[in-house]
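Visitor: coords below, sequence missing:
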Ligand code: ATP
């Protein structure tokens, strides 16, 4: 990320991939412009927030015209470094890990799981979705060879911290943690926690206790 992007608030930056995906689809369908109301409906972000977000990019929509799709797309591609491939590693090829290897983020052309690690003999040495699975003993060497700085953790919770420590020691800067364990790392390491069962429970809780009244309540 360069200095220019540091000026974009974090909350805005987090929404960029969402906007990018939608606008890419719009362009593919031949659309030339989009209003903040249309965007709002599609990405479920209120239109005032969208207008504010877009003003940070210098994209100024015109009343009754909307935003130019090509302009937005070229801005997003550049900002999100779409041309630069980020190689990612995955540790723990269980049910969830296996699903990610099959999925492999093919809708994003700038991220790819390059290698996976596990300790089970029947998995090591095989490939899933074209991604080779190595033994965890090879973690440090392989990460270094490929210069990988992003990792997805889908191991059992009790080994998450110890593996995270090894990743950080080898220069990994970002970890997407799918285990329920809260991982501790130095301040300059970014860890995003995604606990799918908590997310699901929270959705169900909200459905029960905070039913939505209108369209966008
Ligand atoms: P999931 O939680 O993804 O559904 P699962 O229930 O199939 O997975 P888990 O016990 O959660 O299995 O283990 C996930 C994967 O992590 C398994 O493939 C397991 O072999 C692997 N694993 C366990 N310990 C380690 C470790 N220390 N390092 C790397 N991989 C490990």
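Guide: Sure, I can see it. All values reported here derive from a predicted model rather than from experimental measurement.
Visitor: Could I get the contacting residues of the residue of the chain found nearest the ligand?
Guide: Residue nearest to the ligand within the chain (CB to the nearest ligand atom): residue 94, separated by 2.2 Å. C-betas here are computed from N, CA, C, even on glycine. Taking CB atoms under 8 Å, 6 or more residues apart in numbering as the criterion, residue 94 is in contact with 154, 155, 156.
Visitor: For it, what are phi and psi?
Guide: For residue 94, the backbone dihedrals are phi -90, psi -150 (criterion: degrees, to the nearest 10).
Visitor: Quick one: end-to-end distance for stretch 188-202.
Guide: Using CA to CA, to the nearest Å, one end of stretch 188-202 lies 29 Å from the other.
Visitor: Identify all contacting residues around that stretch.
Guide: With CB under 8 Å, 6+ apart, stretch 188-202 has contacts from 96, 164, 168, 172-180, 182-183, 185.
Visitor: if we can go back for a sec, of the contacts of residue 94, buried ones?
Guide: With burial judged by 16 or more other CB atoms under 10 Å, the buried subset of the contacts of residue 94 is 154, 155.
Visitor: Which ones among the contacts of residue 94 also lie next to the ligand?
Guide: 154, 155, 156 (CB under 6 Å from any ligand atom).
Visitor: Now the longest helix along the chain: buried residues?
Guide: Ranked by residue count, the top helix of the chain under DSSP state H comes out as helix 10-28. By neighbour count with 16+ other CB under 10 Å, helix 10-28 contains the buried residues 12, 13, 15, 16, 19, 20, 22, 23, 24, 26, 27.
Visitor: what are the ranges of the helices in this protein?
Guide: Using DSSP H, helices in the chain cover 3-6, 10-28, 36-43, 47-56, 69-79, 95-103, 139-146, 157-169, 196-209.
Visitor: mind checking which of the ones you listed is nearest residue 130?
Guide: Closest to residue 130 of the helices of the chain, according to CB to CB: helix 95-103, at 8.4 Å.
Visitor: any idea of the angle that closest one forms with helix 196-209?
Guide: 100 degrees (axes from the mean of the first three to the mean of the last three CA atoms, to 10 degrees).
Visitor: Distance to residue 85 and mean pLDDT added to the helices of the chain, as CSV?
Guide: What follows is these, written out as CSV (distance: least, CB to CB, whole Å; pLDDT from 0 to 100):
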stretch, distance to residue 85, mean pLDDT
helix 3-6, 19, 48
helix 10-28, 15, 88
helix 36-43, 25, 88
helix 47-56, 26, 86
helix 69-79, 13, 84
helix 95-103, 17, 96
helix 139-146, 11, 96
helix 157-169, 20, 98
helix 196-209, 27, 90
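Visitor: Including distance to residue 117, could the ones you listed go into TSV?
Guide: Formatted as TSV, the helices of the chain follow (distance: least, CB to CB, whole Å):
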stretch	distance to residue 117
helix 3-6	31
helix 10-28	26
helix 36-43	34
helix 47-56	37
helix 69-79	31
helix 95-103	9
helix 139-146	6
helix 157-169	9
helix 196-209	21
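Visitor: Between those, which one is closest to residue 89.
Guide: helix 139-146 (6.4 Å).
Visitor: Contacts for the closest one next, please.
Guide: 87, 89, 91, 114-115, 117, 134, 148, 163, 166-167, 169-172.
Visitor: The longest strand along the chain pairs with which strands?
Guide: The residue-count maximum for a strand in the chain (DSSP state E) belongs to strand 111-118. Within its sheet, strand 111-118 is paired with strand 86-91 (parallel), strand 131-135 (parallel), according to DSSP bridges.
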